[in-house]
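Trainee: Fold the following.
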Amino acid sequence: MSNLAIDPAWDAQAADLNQAIYAQSPSLYNALSHRGKAIYFPKLGILSQSAEARGKKINATIGIAVEDSGTPMYLSPLASQIQLPPHQVFPYAPSPGNQELREKWKQRQIEYSPNLEGKPYTLPLVTHALTHGLSVAGFLFANEGDVLISPDFYWENYDLTFGISYGTVLKTFPTFDQKGGFNISSLESLLNSTPGKKIVILNFPNNPTGYTPSTSEMQSLVEVLKQAAQNSTGPLVVLVDDAYYGLCYNQSAYPESVFGLLCQAHPNLIAVRIDGATKEDFVWGLRVGFISFGLAGANGTVYKALEEKAAGVIRATISNASNLAQSLLLKAWGDPSYREQKSLKAKELQKRFEKVVSILTSHPEYTQSFTALPFNSGYFMCVDIKSKKAEQVRQHLLQKYQTGLIAFGSLLRVAYSSTALGQLEELFASLHLACQEV
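Mentor: So this is what the prediction gives:
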């Protein structure tokens, strides 16, 4: 029997979830933030009472407007733009997400990452795309002052999501080693020198660099994380930001999600995957993401409790994700042309990647102006400006060459994903001239 101390501030439903988690996985319980321990998905209030009234002759519990016929009220100027039936568009979706969508997404995860086959982890929950998924993870696991470990090249929104919103302390290590590979030894040193609970965030393909570790690098990375979990005086939470998952363009990139290697790696390692249709299905504006959890030794009771806590965070922050967006995705996945269309778009991105590689190879003079960082996947690549005047070069490109790039310190990020194939030669030629002129 567990000896978990019950905080009197917890709702009884939260206390029950915490008890279930602690009895099976004290490490997971200790990884939860103060908010994460306090959160729960309400079953005893409006939601449960509405569920009890479902199917009754008169149901005056639902907070939507319905016609006398019982169908949702809607405006024809909106409905006329949408081919889906009204019940798949206008009512609320469940807070955890459309059940069929969640099940199909998990099937897709396993199909595209065979290293997940046979490994238990939660059913994914639907978030309002990946930014919200990252925030859900922060709510569950990040306390003020907790250490968040990241490569030094990272998506700047992490500062807002984790630093400003949840008060984490960001510690970074150099992304690349001297050989141009992922800097596993620097990560290992930072893990070993950081006591207590730690949160690590991994984003592959990486934004901004467009780099994914090789198979051997990924295996070494997992071993370092497992060893850190084994030696740590506190739990290790690994957030896997799979925003650009699947967009790998050559064999140097490990083709599957590292979540599959981590979700059963160690009882002290909590793996959290944040992924979604945003980039995988080219639907940025639909804002449909997913969050999944896995750890060694957890049973169904623990996973169910963790799902309920995550559903509670979703209900507390956005109530639920768009019903229309979820229904559109389900409809699209059933279309016979879906896979072919997706493959064609991925091939177009690969052509642009290969064009960038060809340009850099055929113009050795460009190295007088900048050095390309390693890249093999995703949407982006980065160049390190030799003069270290990246912002001045960026401004010069805008003003003289009508070309926009993103500056990070001495780096410029090139989004070849949003650049026409025929414009790439001009882009890099202009970049070289701008560097020389600045």
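
Trainee: Name the secondary structure element that contains the residue of the chain most remote from its centre.
Mentor: Distance from the centre of the chain peaks at residue 57, with 43.1 Å (Cα atoms, centre = their mean). Of the helices and strands defined by DSSP states H and E, none includes residue 57.

Trainee: quick one, phi psi at it?
Mentor: Backbone geometry at residue 57, expressed as degrees, to the nearest 10, gives phi -60, psi -50.

Trainee: Tell me how many other residues surround the residue nearest to residue 224 when sequence neighbours are not counted.
Mentor: Nearest residue to residue 224 in three dimensions, chain neighbours excluded: residue 188, at 4.7 Å (Cβ to Cβ, 6 or more residues apart in numbering). Glycine gets a C-beta too; all of them are placed from N, C-alpha and C. By other Cβ atoms under 10 Å, 18 other residues sit near residue 188.

Trainee: ok, residue 188 - contacts?
Mentor: Contact analysis of residue 188 by Cβ atoms under 8 Å, 6 or more residues apart in numbering lists 224, 227-228.

Trainee: what residue ranges in the protein are flagged as low confidence?
Mentor: Low-confidence segments of the chain, defined by pLDDT under 70: 1-2.

Trainee: and the helix ranked longest in it, what does it pack onto?
Mentor: In the chain, taking DSSP state H as the definition, the longest helix is helix 338-362. Packing partners of helix 338-362 (3 or more Cβ pairs under 8 Å, 6 or more residues apart in numbering; DSSP states H and E): helix 424-437.

Trainee: mind listing what's buried in stretch 27-41?
Mentor: Neighbour counts over stretch 27-41 (16 or more other Cβ atoms under 10 Å) mark 27-33, 35-41 as buried.

Trainee: partner strands of the longest strand anywhere in the chain, parallel or antiparallel?
Mentor: The longest strand of the chain (DSSP state E) is strand 269-276. Using DSSP bridges, the strands paired with strand 269-276 are strand 236-241 (parallel), strand 289-294 (antiparallel).

Trainee: can you tell me which of these comes nearest to residue 411?
Mentor: strand 236-241 (19.3 Å; Cβ to Cβ).

Trainee: immediately after that closest one, which helix or strand?
Mentor: Next along from strand 236-241, by DSSP H and E: helix 259-262.

Trainee: I'd guessed residue 96 sits against residue 304; true?
Mentor: No - counting by Cβ atoms under 8 Å, residue 96 does not reach residue 304; the two are 11.1 Å apart.

Trainee: Turn the contacts of residue 188 into TSV, columns for neighbour count, distance to residue 104 and secondary structure.
Mentor: Output for the contacts of residue 188, formatted as TSV (neighbours: other Cβ atoms under 10 Å; distance: Cβ to Cβ, whole Å; DSSP: H, G, I helix; E, B strand; the rest coil):
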residue	neighbour count	distance to residue 104	secondary structure
224	17	34	helix
227	14	36	helix
228	23	34	helix
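
Trainee: what sits against the closest residue to residue 242 other than its chain neighbours?
Mentor: Distances taken as Cβ to Cβ, 6+ apart place residue 275 nearest to residue 242, at 3.9 Å, with adjacent residues excluded. Residue 275 is in contact with 109, 124, 130, 133, 240, 242-243, 245, 257, 289-290, 292, counting by Cβ under 8 Å, 6+ apart.

Trainee: circling back to that earlier point, got the CA positions of the helix or strand just after the longest strand of the chain in PDB?
Mentor: Sequence order places helix 277-280 as the next helix or strand after strand 269-276, per DSSP H and E. C-alpha atoms of helix 277-280 as PDB (Å, rounded to 0.1, in the frame of the first residue of the first chain):
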ATOM      1  CA  ALA A 277      -0.700  16.800 -38.600                       C
ATOM      2  CA  THR A 278       0.600  20.400 -38.900                       C
ATOM      3  CA  LYS A 279       3.600  19.700 -41.000                       C
ATOM      4  CA  GLU A 280       3.100  15.900 -41.600                       C
END
